[in-house]
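1. Kindly generate the corresponding structure for this input.
(one chain, ligands or ions: 2)
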Amino acid sequence: MCDDREKLIDMFSSTHLGDSLKELSLIYDDVERDTEEFCEEYSIHCTLGCGECCENFMPDITPAEANMIASYLMLIKKDMSLIEKVKKKTSIHCPLYDSNNPYHCQVYSVRPLVCRLFGQCASKMKDGKKIFRRCRFSGGCLMPERLEIDSSEIKTMDEYGLRLQALESGDVSDLDDGVCKALEEVGLISGFLGFDSKTPSAS
Ligand code: SF4
Ligand code: SF4
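-> Ligands and ions are numbered 1, 2, ... in the order given. Below is the predicted model of the structure:
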């Protein structure tokens, strides 16, 4: 499990929030392992430094994913200007995207499921066949344009989505709306536990 997520799970270990972060993190672990194997097997590579999909996109996230991102922003990244940017809701695109940063995503270790799967996972067609389609932004990249997948081992996006939905009953929302709500909830629990969640980071 990644260090950032493990740290958050430990911090909230005595609470319902900690349980929810742990369950979510286990899904992310599986997705990381599966997508890495899938991309290696089918020679799928994003163009180096590309972040087009984030530039034009606002992810839908579940309440558990919102709590994960809010916890990370408040307790690990501690970047108040980024928190304010999310709260202002000034863009129709993801507020966590940074075009000037070579890694682009400012919450990479806790990014939501859809961001982990986009361009790196097969999907299922109506007839049950599994296919992979290259993302529509990836003009010059090295990915195959279309693959038919004939392996029962390969999981599809909907399978991970169902696993995520099974974690909780709350509605999905745009990332900025979901994270704003979660910042309040995580702030209350953090205050109750006595965490310092307000210190901006030096970086
Ligand atoms: S999925 Fe497509 S748009 Fe997104 S980083 Fe990869 S190549 Fe770029
Ligand atoms: S959360 Fe990160 S990976 Fe997802 S759209 Fe925003 S910047 Fe991109």
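2. The residue lying farthest from the centre of the chain: what secondary structure?
-> Ranked by distance from the centre of the chain (Cα atoms, centre = their mean), the top residue is D127, with 28.6 Å. At D127, secondary structure determined by DSSP: H, G, I helix; E, B strand; the rest coil is coil.
3. Go ahead and confirm I69 touches D176.
-> No. Using Cβ atoms under 8 Å, I69 is not in contact with D176, being 10.3 Å away. Just so you know, the C-beta spots here come from the backbone N, C-alpha and C atoms, and that holds for glycine as well.
4. Quick check: neighbours shared by the two?
-> Common contacts of I69 and D176 (Cβ atoms under 8 Å, 6 or more residues apart in numbering): none found.
5. Quick one: list the elements packing against the strand or helix carrying L17.
-> Taking DSSP states H and E as the criterion, L17 maps to helix 16-41. Here helix 16-41 is seen to pack against helix 3-11, helix 63-72, helix 113-117, helix 157-165, helix 175-193 when contacts are counted using 3 or more Cβ pairs under 8 Å, 6 or more residues apart in numbering; DSSP states H and E.
6. State the distance from D30 to R136.
-> When Cβ to Cβ, to the nearest Å is applied, the distance between D30 and R136 equals 26 Å.
7. Tell me which of these two has more neighbours.
-> More neighbours surround D30 than the other of D30 and R136, with 13 against 10 (other Cβ atoms under 10 Å).
8. quick one on the thing from earlier: can you tell which of the helices and strands packed on helix 16-41 is closest to E84?
-> Evaluated with Cβ to Cβ, the helices and strands packed on helix 16-41 place helix 175-193 nearest to E84, the distance being 10.5 Å.
9. Quick check, G49 in contact with P102.
-> Yes. Taking Cβ under 8 Å as the contact criterion, G49 and P102 are neighbours in contact, 6.2 Å apart.
10. Tell me the residue of this structure that sits nearest ligand 1?
-> Among the residues of the chain, G119 lies nearest to ligand 1; the distance is 2.6 Å by Cβ to the nearest ligand atom.
11. wait, what's in contact with that residue?
-> With Cβ under 8 Å, 6+ apart as the criterion, the residues that contact G119 are I44, C46, C53, R134, C135, S138, M143.
12. ditto for C121
-> Applying Cβ under 8 Å, 6+ apart, one finds that C121 lies in contact with V31, D34, T35, F38, F132, K155, T156, M157, Y160.
13. Compute the number of surrounding residues for the fifth one.
-> Look at F132: counted by other Cβ under 10 Å, it has 22 neighbours.
14. Provide the partner residues of it in its beta bridges.
-> With DSSP bridges applied, the residues forming beta bridges to F132 are L147.
15. Take the helices and strands packed on helix 16-41 and write them to a markdown table, including distance to Y97.
-> Rendered in a markdown table, the data for these read as follows (distance: least, Cβ to Cβ, whole Å):
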| stretch | distance to Y97 |
| --- | --- |
| helix 3-11 | 18 |
| helix 63-72 | 13 |
| helix 113-117 | 10 |
| helix 157-165 | 21 |
| helix 175-193 | 10 |
